[in-house]
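S.K.: need the 3D shape of this:
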Amino acid sequence: MNPRLTLAWISTWQPRRCGIATFSADLTCAVQQADTAIAVRVAAIDGTHTVYPYGPEVHWRVYQGRPESFRRLANELSRADVDLVSLQHEFSLYGGWEGATWSDHIAPFLAALDRPLVSTLHTVLSNSSPSVLGAVRRLANRSQAVIVMTEFARQLLADTYRIDTAKVHVVKHGARAVKRSERRALKDRMGLGGRFVISTFGFLSQHKGIHVMIQAMRSVVSRQPNAMYLIIGVTHPDAVAQEGETYRDRLRDLVHRYGLQENVRFVNRFLTDREIAAYLLASDVYVTPYLDPDQVSSGTLASALSAGKAVVSTRYVHAAEALDDGRGILVDFDDPGQLAESVIELAESADHRRELEQRAYQYGRTTSWPLIGTKMAALYRAVTGCRAT
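M.R.: Numbers count the residues shown, from 1 in each chain. Next comes the predicted model:
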């Protein structure tokens, strides 16, 4: 019987609609399944103007945009029955810009906390201001271990941020295992029979580059009139709060301007895991036309690879590593011509598409949540010295 280890998890949390909330739910479940003696208590990050109804696993709340709430949390954790703190770091959750200077809201938390800390960096910026460099160094120096999801991010922390790589661990973004099923039958059930299906899923926002793929669809349709591009998912809540549905409206205008109403479909719903898996399995090609080169993690890309999809993607950090060795096709940023050319090539070459699908599926087996959960559980125990028996 392994000794009990209590983990405090700082992150956004469901029902908040946020990629890190989904990631956290999946990873904590995987960790606890891998090591049943690990207990997880959540410190959930509420939005600036929104408070969420959480389940009993949430023991503390902190508030985005309020540095004093993070200091209070550190004091509470230091008094609690907690062996280790795991912090999921994304810049927008833990600070804000004041002109050109990054205001780091967790500095008081780091100073007050007296428990071991493991920090997972969901974004590592390559072009960093002195204030950002200082914030990341402060977090890394206070942490007993730092988790990143790509080798590129690990090397960037060493070269740009001057962080000791001995404490930096690369753990890939996990994904749910997807059982393959017959694509044609799924298409028929979804009303997509006879279509060459291209898809993108996840929260909609400007940096996802969906508008570039819609531009590419003009060329795709000229060669493949049966092509259908599915844009799956709701607009990111932060984008809705700032500008409403401006971006989605812009995308709809593009579709009408280019006469693509029969070749682009919006699935404007927050989907269940089962629904996402079904849409992925029905897809012939998955695209991530993202515009941010610094994106070091993408749960949607991990899911597509797990489902064994042929992927076309821009060269952001996660994609560049995950699609290396011929596991997918990489294109330049903001280039509809390259996107179209790559999708058309896969539509016209079933052999190449099947080859990419097989390589993706094999890679996806290495990123299943059970494997990632086992790695993280072992790391948490190593940090605390409370090793499994």
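S.K.: helix or strand with the lowest mean pLDDT in the chain?
M.R.: Lowest mean confidence among the helices and strands of the chain (mean pLDDT, DSSP states H and E): helix 237-243, at a mean of 79.
S.K.: how far away from the center of its chain is it?
M.R.: Distance of helix 237-243 from the chain centroid (Cα atoms, centre = their mean, to the nearest Å) equals 18 Å.
S.K.: ok, now which ones touch L73?
M.R.: 10, 43, 60, 62, 109 (Cβ atoms under 8 Å, 6 or more residues apart in numbering). Every residue, glycine included, has its C-beta placed from N, CA and C.
S.K.: my guess is the first one is in a helix, correct?
M.R.: So that's I10. No - using DSSP: H, G, I helix; E, B strand; the rest coil, the assignment for I10 is strand, not a helix.
S.K.: got a pLDDT number for it?
M.R.: I10 is assigned a pLDDT of 98 by the prediction.
S.K.: I figured it hits V40, correct?
M.R.: No - applying Cβ atoms under 8 Å as the test, I10 and V40 come out as separate, 11.2 Å apart.
S.K.: the two: who's more crowded?
M.R.: Between I10 and V40, counting by other Cβ atoms under 10 Å, I10 is the more crowded of the two (27 against 18).
S.K.: partner residues bridging the more buried one?
M.R.: In this structure, I10 bridges to A43, L87 when assessed by DSSP bridges.
S.K.: how much space between it and Q88?
M.R.: Applying Cβ to Cβ, to the nearest Å, the value for I10 to Q88 is 7 Å.
S.K.: buried sites along the least confident helix or strand of the chain?
M.R.: Buried residues in helix 237-243, counted by 16 or more other Cβ atoms under 10 Å: 237, 239-240.
S.K.: contact partners of it?
M.R.: Taking Cβ under 8 Å, 6+ apart as the rule, helix 237-243 contacts 16-18, 47, 49, 92, 203-206, 247.
S.K.: need the residues you listed in TSV (columns: secondary structure, distance to L305 and neighbour count).
M.R.: As requested, the contacts of helix 237-243 are exported to TSV (DSSP: H, G, I helix; E, B strand; the rest coil; distance: Cβ to Cβ, whole Å; neighbours: other Cβ atoms under 10 Å):
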residue	secondary structure	distance to L305	neighbour count
R16	coil	26	18
R17	coil	23	18
C18	coil	22	22
G47	coil	31	17
H49	coil	36	9
S92	helix	26	12
F203	coil	19	19
L204	strand	21	22
S205	coil	22	20
Q206	helix	25	15
Y247	helix	26	20
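S.K.: V221 reaches Q261, doesn't it?
M.R.: No - counting by Cβ under 8 Å, V221 stays clear of Q261, with 11.1 Å between them.
S.K.: which one of these two is surrounded by more residues?
M.R.: V221 (21 against 10).
S.K.: give me the helices and strands touching the helix or strand that contains that one, please.
M.R.: Mapping V221 onto the secondary structure by DSSP states H and E places it in helix 210-223. Packing partners of helix 210-223 (3 or more Cβ pairs under 8 Å, 6 or more residues apart in numbering; DSSP states H and E): strand 196-201, strand 227-232, helix 246-257, helix 336-348.
S.K.: what residue ranges in the stretch 51-200 of the chain score low on pLDDT?
M.R.: Within the stretch 51-200 of the chain, the stretches with pLDDT under 70 are 180-181.
S.K.: what about R176, neighbour count?
M.R.: 20.
S.K.: again with V148
M.R.: V148, neighbours per other Cβ under 10 Å, totals 25.
S.K.: equivalent analysis for A158, please.
M.R.: 14.
S.K.: wait, doesn't it sit right on A166?
M.R.: No - counting by Cβ under 8 Å, A158 stays clear of A166, with 10.0 Å between them.
S.K.: any idea how this structure splits into domains?
M.R.: 5-174+368-384, 183-367 (automatic domain parsing).
S.K.: distance from the longest one to the middle of the chain?
M.R.: When you say that, I think you mean domain 5-174+368-384. For domain 5-174+368-384, the distance to the chain centre is 14 Å (Cα atoms, centre = their mean).
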